[in-house]
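**Student:** my questions are about this predicted structure, shown below with the sequence.
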Amino acid sequence: QVQLVESGGGLVQVGGSLRLSCAASGGTPSTYAMGWFRQAPGKERESVAAINWSGDTTYYADSVKGRFAISRDNAKNLLYLEMKSLKPEDTAVYYCAATGSPYASSWLLKSVYHIWGQGTQVTVSS
């Protein structure tokens with residue numbers, strides 16, 4: 001069974017940058033599509049970005065397009081989220097997740113993900 005552990009969160013000022021990492025262990029993580037989600041206090045968990053197993057196809061929520069970039073290194077079993085031009089509304093706990101769904105149209109839906117990390121806090125201060 002694949003296990004996921006996020007890191008890289010922290011406190012950053014408006015306009016700043018952060019890179020989140022998600023380390024996968026166990027199973028065969030390179031065969032899964034993966035995604036980043038976030039959850040702010042009092043809000044539903046929402047999708048941020050997703051990437052296919054090979055890393056050559058990516059999807060983004062409208063709110064982060066042009067500012068965030070998802071990537072993966074299957075040789076190292078790592079998933080990344082590069083975040084730039086951060087805004088206060090990006091403040092949330094960020095989670096990485098893995099899915100066995102073969103349908104690219106579903107990869108921004110949290111319901112298709114069955115493996116989740118514990119989350120890492122990102123706080124953007126103004």
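**Tutor:** Done, it's in.

**Student:** burial measure for the closest residue to Leu86 other than its chain neighbours, as a count.
**Tutor:** Closest residue to Leu86 apart from its sequence neighbours, by CB to CB, 6 or more residues apart in numbering: Val124 at 4.6 Å. No exception for glycine: its C-beta is placed from N, CA and C like everyone else's. By other CB atoms under 10 Å, the residues close to Val124 number 19.

**Student:** list the contacts of Leu86.
**Tutor:** With contact set as CB atoms under 8 Å, 6 or more residues apart in numbering, Leu86 has these partners: Val12, Gln13, Val14, Gly15, Gly16, Ser17, Leu18, Arg67, Val122, Val124.

**Student:** what's the most distant pair in those?
**Tutor:** When those are compared pair by pair using CB to CB, the two farthest from each other are Gln13 and Arg67, 14.9 Å apart.

**Student:** of the two, who's got more company?
**Tutor:** Using other CB under 10 Å, the more surrounded residue of Gln13 and Arg67 is Arg67, with 15 against 9.
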